[in-house]
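Engineer: Provide a 3D model corresponding to the input given below.
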Amino acid sequence: MQDSPILKRHGAYLPHWTRENGIYHICFRLADSASQKKLRQWKAAREDLQQVAMQQKRPFTEWERKEWMRLHSEAIEQYLQKGRGSCWLRNTTIVEIVTGALRFFEGTKFRLYAWCIMPNHVHVIMQPLGNYSVSSILHSWKTFSAKEANKVLNRNGRFWHAEYFDKLIRSEEQLRICIRYVWDNPEKAGWSEWKWRWKIREDQLLDRNTGL
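Structural biologist: Residues are numbered from 1 along each chain as shown. Take a look at the predicted model:
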């Protein structure tokens with residue numbers, strides 16, 4: 001395991017845990033992939049958990065912490081897999097734009113371990129390099145791909161949802177589990193022979209010093 005400390009920062013909606021040379025599982029989604037009603041339901045459920053802990057003047061219990069994280073990740077993932085919204089990432093031209101953005105600075109700004117582009121969301125496992133952060137890399141991916149995708153669609157407006165979910169990976173075992181999860185995402189959603197995914201080979205992973 002790494003010796004560097006884990007730091008916590010707050011995004012617009014979610015907290016993000018960071019670590020120097022950390023590896024992250026990231027999920028970001030299209031702006032219309034979840035209805036406002038559903039977003040309000042998730043927010044209300046999270047706020048209920050927080051209110052109980054605050055009223056009792058205590059931190060989350062282990063169950064509450066896991067449930068709070070589930071409402072940020074698993075519940076949203078299950079909803080997204082149903083193919084909600086416009087699903088612009090089914091468009092071959094657009095998905096090639098996103099793929100190109102993910103790969104463009106690989107090896108200079110970040111290292112990739114796996115990625116999968118689904119019809120309405122994207123999974124990436126990556127490690128920022130140097131002084132680059134997860135948020136700056138995500139901003140670059142989303143800004144470029146949104147501009148180019150909107151040209152293809154002949155539209156204006158928000159393409160990606162403002163926030164994203166990220167999970168700090170803390171061990172080699174967890175890294176392998178996350179890579180399998182990202183790779184298997186299409187089958188879990190009922191999409192067989194999915195083209196838009198990639199993962200590092202096992203021999204490459206063994207040769208790479210992950211720092212975990």
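
Engineer: thought residue 105 was touching residue 136?
Structural biologist: No. In terms of Cβ atoms under 8 Å, residue 105 does not count as a neighbour of residue 136; the distance is 10.7 Å. C-beta: built from backbone N, CA, C; applies to glycine.

Engineer: which one is residue 186 nearest to, not counting chain neighbours?
Structural biologist: Excluding its sequence neighbours, the residue lying closest to residue 186 (Cβ to Cβ, 6 or more residues apart in numbering) is residue 194, at 3.4 Å.

Engineer: Does the residue nearest the centre of the chain lie in a helix or a strand, and which?
Structural biologist: Taking Cα atoms, centre = their mean as the criterion, residue 27 is the residue nearest the geometric centre of the chain, at 1.5 Å. When secondary structure is defined by DSSP states H and E, residue 27 falls within strand 23-29.

Engineer: Pull up the pairing partners for that strand, direction included.
Structural biologist: strand 121-128 (antiparallel), strand 165-169 (antiparallel) (DSSP bridges).

Engineer: So for stretch 145-160, what gets flagged as buried?
Structural biologist: Residues of stretch 145-160 classed as buried: 145-146, 148-150, 159-160 (neighbour count, 16 or more other Cβ atoms under 10 Å).

Engineer: Do you have the strands of this structure handy? List them.
Structural biologist: Here the chain has its strands, by DSSP state E, at 7-10, 15-18, 23-29, 110-117, 121-128, 165-169, 197-199.

Engineer: of those, which approaches residue 210 most closely?
Structural biologist: strand 23-29 (6.2 Å; Cβ to Cβ).

Engineer: now the angle from that closest one to strand 110-117?
Structural biologist: Between strand 23-29 and strand 110-117, the angle comes out at 40 degrees (axes from the mean of the first three to the mean of the last three Cα atoms, to 10 degrees).

Engineer: contacts for strand 23-29?
Structural biologist: 73, 76-77, 80, 113, 120-128, 134, 138, 142, 160-161, 164-169, 175, 178, 181-182, 210-212 (Cβ atoms under 8 Å, 6 or more residues apart in numbering).

Engineer: between the strands paired with strand 23-29, which has the poorest average model confidence?
Structural biologist: Among those, strand 165-169 has the lowest mean pLDDT, at a mean of 86.

Engineer: Send me that strand as CSV with only the CA atoms.
Structural biologist: Output of strand 165-169 as CSV, limited to C-alpha atoms (Å, rounded to 0.1, in the frame of the first residue of the first chain):
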residue,chain,number,x,y,z
PHE,A,165,-18.1,9.6,-9.4
ASP,A,166,-14.6,8.6,-8.6
LYS,A,167,-13.3,5.8,-6.3
LEU,A,168,-9.7,5.8,-5.0
ILE,A,169,-8.3,2.3,-5.6
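
Engineer: Show me what the mean pLDDT comes to for stretch 139-149.
Structural biologist: The pLDDT scores in stretch 139-149 average 97.

Engineer: hmm, who's touching it?
Structural biologist: 28, 88, 94, 97-98, 101-102, 105, 109, 158-160.

Engineer: how about 7 Å then?
Structural biologist: By Cβ atoms under 7 Å, 6 or more residues apart in numbering, the surrounding residues in contact with stretch 139-149 are 28, 88, 94, 97-98, 101-102, 159-160.

Engineer: can you redo these as JSON lines with pLDDT?
Structural biologist: Shown next, in JSON lines, are those (pLDDT from 0 to 100):
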{"residue": "28", "pLDDT": "93"}
{"residue": "88", "pLDDT": "94"}
{"residue": "94", "pLDDT": "97"}
{"residue": "97", "pLDDT": "98"}
{"residue": "98", "pLDDT": "98"}
{"residue": "101", "pLDDT": "97"}
{"residue": "102", "pLDDT": "97"}
{"residue": "159", "pLDDT": "97"}
{"residue": "160", "pLDDT": "95"}
